[in-house]
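Colleague: Quick check, what structure comes out for this input:
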Amino acid sequence: MPISNPMYVRKQKKVVMPVKPKDNSRVLRLLSLWLPVLFCMAGIFYFSSLPANEIPALFPLQDILFHAIIYGVLGYLFSRALKNTNPGLGGISIVAITFLFVFSYGISDEFHQRFVPGRDVSVIDCLVDGFAGFIGSLLYK
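Modeller: Here you go, the predicted model:
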């Protein structure tokens, strides 16, 4: 039988709900999309930093082939990351932004090579970089 006298009313305990931990899935998703892009760029920078005498000549035009492969991969990875973090962007926008990014990075890479012993700036390498990024972007699309 409840007692109605206010002196005997039991105070209710405050129930404290535990704080729900922040959802880290968005951060993990962003990392899974953009870290491969950054690793690819870091790899390009590293290999571009090697002096010319440390790079073995395996076959003719290997420089062009290596540029085409790695910048194609960069274009693919960049398009994938861009599309998945900006779903509202259309296909043409993705390809155009990727081309501009990869081409610009290729130009900066060639400029960087200017300061590496035995390496030089190559306009052809820049063009191959941009074209390979474009193709990599199309392959993702």
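Colleague: now stretch 110-128: mean pLDDT?
Modeller: Across stretch 110-128, pLDDT averages out at 93.
Colleague: ok, for the most centrally placed residue in the chain, nearest residue in space, not its chain neighbours?
Modeller: Centroid-nearest residue in the chain, with C-alpha atoms, centre = their mean: V37, separated by 2.7 Å. Closest residue to V37 apart from its sequence neighbours, by C-beta to C-beta, 6 or more residues apart in numbering: L77 at 4.8 Å. The C-beta positions use only the backbone N, C-alpha and C, and glycine is treated the same way.
Colleague: average model confidence for the one helix or strand that neighbour maps to?
Modeller: Counting by DSSP states H and E, the element that carries L77 is helix 62-85. Mean pLDDT, helix 62-85: 96.
Colleague: Pull out the buried positions in that helix.
Modeller: By neighbour count on 16 or more other C-beta atoms under 10 Å, the buried set for helix 62-85 is 66-68, 70-83.
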